[in-house]
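*Asks:* 3D, please:
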Amino acid sequence: PEQLDAIHHQLGIDQPLLVQLVTYFTNLLHGDLGSSFVTKQPVTEVIQTRISNSLQLAGASLLLVMLVSIPGGMLAGAITREGRHPRGEVAFTALTSIMGALPEYLMATFLAFLFAVEIRLLPVAGAEGPQSLVLPALAVSLRPIAVLLRIVRVETLNVLAQDYIRTAHSKRLPQRLIYLRHT
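*Replies:* Have a look, this model is predicted:
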């Protein structure tokens, strides 16, 4: 009991709730997030040592999502517009539904097994070079890619049904110009 009381006093949880909140927010405004229970280091130091890897992963994932989903969704919308290629539309919807429903941890496990264990193409873990960023970025971005692919496809179909697109077609503008500039 004496040790427990000492820990409560050290953490400040033996004081009233209002005093705890004021102390917490005062420390937070000064950049003091306390110390880690595991490593006993200040939390700000732990965050500073690990933030660069997290930012690299977030940036790579965002870039991958934007580079794949926007052109892919527009392409899928262009291919399946006006009821064309119904089997392709069903395959697209099924694939993006499955990809969007799988949790990231399951996707990461599958990708690590396939590309790191079976094919031995990419490293399983570590932070040495850009090849170690491929699997985590892919695992984190596949779900948002699937969702955004579907959204961009639907919006592309909505735009392709507009009057100004029909006018551009009637003016016999080249297809690439219609899709890249107008759509």
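*Asks:* quick one, what contacts residue 120?
*Replies:* With contacts defined as C-beta atoms under 8 Å, 6 or more residues apart in numbering, residue 120 has no neighbours. For the C-beta atoms, the positions are set from N, CA and C on the backbone; glycine is no exception.
*Asks:* middle-most residue in the chain, spatially?
*Replies:* By C-alpha atoms, centre = their mean, the chain has its centre lying nearest to residue 141, at 4.5 Å.
*Asks:* tell me the contacts of that one?
*Replies:* 61-62, 64-65, 68.
*Asks:* cool, residue 8 as well?
*Replies:* residue 14.
*Asks:* just how off-centre is the helix or strand hosting it within its chain?
*Replies:* Assigned by DSSP states H and E, residue 8 falls within helix 2-11. Centroid separation for helix 2-11 versus its chain: 41 Å, with C-alpha atoms, centre = their mean, to the nearest Å.
*Asks:* could I get it in PDB with only the CA atoms?
*Replies:* What follows is helix 2-11 as a C-alpha-only set of coordinates in PDB (Å, rounded to 0.1, in the frame of the first residue of the first chain):
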ATOM      1  CA  GLU A   2       2.900   2.400   0.700                       C
ATOM      2  CA  GLN A   3       4.400   1.900  -2.700                       C
ATOM      3  CA  LEU A   4       1.000   2.300  -4.300                       C
ATOM      4  CA  ASP A   5       0.500   5.600  -2.400                       C
ATOM      5  CA  ALA A   6       4.000   6.700  -3.500                       C
ATOM      6  CA  ILE A   7       3.200   6.000  -7.200                       C
ATOM      7  CA  HIS A   8      -0.200   7.800  -6.900                       C
ATOM      8  CA  HIS A   9       1.600  10.800  -5.400                       C
ATOM      9  CA  GLN A  10       4.300  10.700  -8.100                       C
ATOM     10  CA  LEU A  11       1.700  10.600 -10.900                       C
END
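*Asks:* which strands and helices sit next to the next helix or strand after it?
*Replies:* The first helix or strand that comes after helix 2-11 along the chain, using DSSP H and E, is helix 17-29. Helices and strands touching helix 17-29, by 3 or more C-beta pairs under 8 Å, 6 or more residues apart in numbering; DSSP states H and E: there are none.
*Asks:* touching helix 17-29 from outside, list them.
*Replies:* 12-13, 15, 33-34.
*Asks:* nearest to residue 156 among those?
*Replies:* Nearest to residue 156 among those is residue 33, at 44.9 Å by C-beta to C-beta.
*Asks:* contacts only, for residue 150.
*Replies:* 73, 93, 96, 100.
*Asks:* doesn't it lie inside a helix?
*Replies:* Yes. The assignment for residue 150 by DSSP: H, G, I helix; E, B strand; the rest coil puts it in a helix.
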